[in-house]
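**Student:** no FASTA, just this:
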């Protein structure tokens, strides 16, 4: 017997607006950083086959650890509201890694071609809204890009 082949389908893009970095300093496993989330938007063709749009709630944060080799472990927690009134909680874990000089540019808020940085995530969703419960019944992956004031994540469902 063989296992089913993995396929993905694009479902939406999260644009997460972020604030100034707060650092808790070197903790023994790396430098702990906290980046507040100040809103954003959700757009895409793919929730239940319909278009979706919505807003990211003005609360939440991205909790990061920058390891000595500059690999960054990320864990963001926030929520978004769809245009039909559903609230969807998001926990998004991932990693960002690339050449040290480019990662330093990102830290300074300078532009870097996203294709040169490996930035992938695994978002998980929770909601009590029946229309969107399928979000809790599938695995998702994201391809992300960091900009000075926002993170953009293209989210795909694994079929």
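**Tutor:** That came in fine, so what should we check first? Please read these numbers as outputs of a predicted model, since none were measured by experiment.

**Student:** Surely residue 10 is in a helix?
**Tutor:** No. Residue 10: not assigned to a helix; according to DSSP: H, G, I helix; E, B strand; the rest coil it is strand.

**Student:** For it, list the residues it contacts.
**Tutor:** Contacts for residue 10 (Cβ atoms under 8 Å, 6 or more residues apart in numbering) come out as 44, 45, 46, 154, 155, 156. C-betas here are computed from N, CA, C, even on glycine.

**Student:** Quick check: beta-bridge partners of the closest residue to the first one other than its chain neighbours?
**Tutor:** With Cβ to Cβ, 6 or more residues apart in numbering as the measure, residue 12 is the residue that lies nearest to residue 44, at 2.7 Å, once sequence neighbours are left out. When assigned by DSSP bridges, residue 12 has beta-bridge partners residue 155.

**Student:** Check the one 10 residues further on too.
**Tutor:** Here residue 22 sits in beta bridges with residue 34, as judged by DSSP bridges.

**Student:** And the pLDDT at residue 69?
**Tutor:** In this model, residue 69 is scored at 86, pLDDT.

**Student:** circling back to that earlier point, what's the per-residue pLDDT of the residue nearest to residue 44 here?
**Tutor:** We have a pLDDT of 93 for residue 12.

**Student:** can I assume it is in contact with residue 41?
**Tutor:** No. Assessed by Cβ atoms under 8 Å, residue 12 is found out of contact with residue 41, at 9.9 Å.

**Student:** Can you pick out the residue with more neighbours from those two?
**Tutor:** Between residue 12 and residue 41, counted using other Cβ atoms under 10 Å, the more crowded position is residue 12 (22 against 16).

**Student:** tell me which residues of the host helix or strand of residue 43 are tucked away?
**Tutor:** Using DSSP states H and E, residue 43 maps to strand 31-47. Neighbour counts using 16 or more other Cβ atoms under 10 Å place 32, 33, 35, 36, 37, 38, 39, 40, 41, 42, 44, 47 of strand 31-47 among the buried residues.

**Student:** Go through the contacts of residue 10 and name the one nearest residue 125.
**Tutor:** Distance to residue 125 across the contacts of residue 10 (Cβ to Cβ) is lowest for residue 155, with 9.4 Å.
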